[in-house]
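Trainee: Here you go, sequence then predicted model.
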Amino acid sequence: MAFSCDVGDVAYIVCTFTNAGGTLVDPTTITLYLQQPSGSVGTYTGGDIAHPATGTYTYNGTATEAVYWNVKWSGDGAAVAAQQGRYFVRYTNV
């Protein structure tokens, strides 16, 4: 999930869930935790998260602070798993 963008950009965050055989599966519930560089953590579920295909989830959020953002996706129920990552937001020069 490593990528970078500029302050003010929309960060496109993607997660996929698979079973032990590698087949894409949907968790019963999904939660996204998004930690800003200042330490504030947003929690997103349901309608905040898009589900474009089986096992695939996306979130579009505006990058409001520069430096590293931490991301954790958590699935429960039919597909219990978690994924973590981070992305870098650059200061704008203009």
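Mentor: Arrived safely.
Trainee: Contact partners for the spatially most central residue of the chain?
Mentor: By CA atoms, centre = their mean, the chain has its centre lying nearest to I13, at 4.4 Å. Contact analysis of I13 by CB atoms under 8 Å, 6 or more residues apart in numbering lists 1, 32, 34, 58-61, 71, 87. In short, each C-beta sits where N, CA and C put it, glycine included.
Trainee: What separation do you get for V7 and S74?
Mentor: Distance, V7 to S74, by CB to CB, to the nearest Å: 27 Å.
Trainee: sorry, that was for D26
Mentor: For D26, the distance to S74 - CB to CB - is 14 Å.
Trainee: And I49, by the same measure?
Mentor: Distance from I49 to S74, by CB to CB: 11 Å.
Trainee: for A20, same thing?
Mentor: 18 Å.
Trainee: and if you look at T58?
Mentor: Computed as CB to CB, the T58 to S74 distance reads 15 Å.
Trainee: All good on my end, thank you.
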